Structures are given as C-alpha cells and as structure tokens.
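*Asks:* this one's structure only:
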C-alpha cells in the first residue's frame with residue numbers, strides 16, 4: 001500500500017519561501033512518478049510540478065516556472081517542492097500524488113492528505 005504524507009506548509013509573506021515534503025512509503029520513489037498539485041478555495045485542483053521515475057527532466061506549470069523547484073531524496077524516499085518568491089495567488093492546499101506511469105489530476109493512483117500554504121501581502 002503506497003502512502004503519501006505531506007508536510008512543510010504554513011503561512012508566509014509574499015516574496016518568502018517554503019519547502020514542502022512528501023514522504024512516500026510502500027514503494028521506492030524510483031519506481032514512481034511523483035508530483036505536486038494545488039487547490040485554492042473555489043477552484044479546481046491544478047498541476048504544479050512533477051518528476052518521472054527517472055527524475056531526469058522535471059515538469060512545471062507555467063505559473064511556477066523559475067520560482068518552484070521539485071527534487072527528491074532517494075535515501076529518504078521523499079520528494080520536495082521548494083517554493084520561492086511566493087505570491088498571494090500561490091495560496092492553496094498542496095497535494096502530493098504518485099503513480100506508476102505519470103501524475104495528473106484525474107489519473108494519479110495515490111494522493112496525500114494535503115498541506116496548507118497561505119501567502120499574505
């Protein structure tokens with residue numbers, strides 16, 4: 001059973017940084033695509049960033065390119081999302097997702113419970 005546990009959310013002022021963590025248990029992350037999604041109040045869940053199982057070429061949403069960085073620590077079986085230059089529009093619940101093939105909002109097999117990120121002006 002694959003389980004995902006997010007941590008690292010919080011409140012920060014615009015321009016600040018946060019690092020989210022997604023600890024994966026039940027399967028090595030080298031066998032999984034792992035990604036981050038977010039959902040703001042009243043909006044649909046959207047893709048943020050993801051790594052395929054080989055972690056060669058990260059994929060980012062246009063809205064976060066150049067500000068967010070996704071990475072992983074194989075020894076800790078954890079995927080990170082470093083978020084810099086945060087904006088109020090980044091405020092959302094952030095979810096980690098994993099799948100044997102690729103992660104999308106509609107087809108990811110495994111999801112975490114989410115961690116809240118709030119960015120104030």
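*Replies:* In hand now; what should we look at? Small disclaimer: the values here were computed from a predicted structure and weren't measured.
*Asks:* Quick check: chain neighbours aside, which residue is closest to the residue positioned nearest the centre of the chain?
*Replies:* When the chain is reduced to its mean C-alpha position, the closest residue under C-alpha atoms, centre = their mean turns out to be residue 36, at 2.4 Å. Of all residues not flanking residue 36 in the chain, residue 48 sits nearest, at 4.2 Å (C-beta to C-beta, 6 or more residues apart in numbering). Using the backbone N, CA and C atoms, a C-beta is placed for each residue, glycine as well.
*Asks:* quick one: what helix or strand has residue 24 in it?
*Replies:* Following DSSP states H and E, one finds residue 24 within strand 18-25.
*Asks:* Direction included, what does whichever helix or strand comes after that strand pair up with?
*Replies:* Per DSSP H and E, the first helix or strand lying C-terminal to strand 18-25 is strand 33-39. Here strand 33-39 has these sheet partners by DSSP bridges: strand 46-51 (antiparallel), strand 92-99 (antiparallel).
*Asks:* got the contact list for the first one?
*Replies:* Residues outside strand 46-51 that contact it (C-beta atoms under 8 Å, 6 or more residues apart in numbering) are 33-39, 58-61, 64, 68, 70-72, 79, 81, 94, 102-105.
*Asks:* and that strand, average pLDDT?
*Replies:* Mean pLDDT, strand 46-51: 98.
*Asks:* returning to what we had before: isn't the residue nearest to the centre of the chain up against residue 82?
*Replies:* No. Using C-beta atoms under 8 Å as the test, residue 36 is too far from residue 82 to be in contact (10.8 Å).
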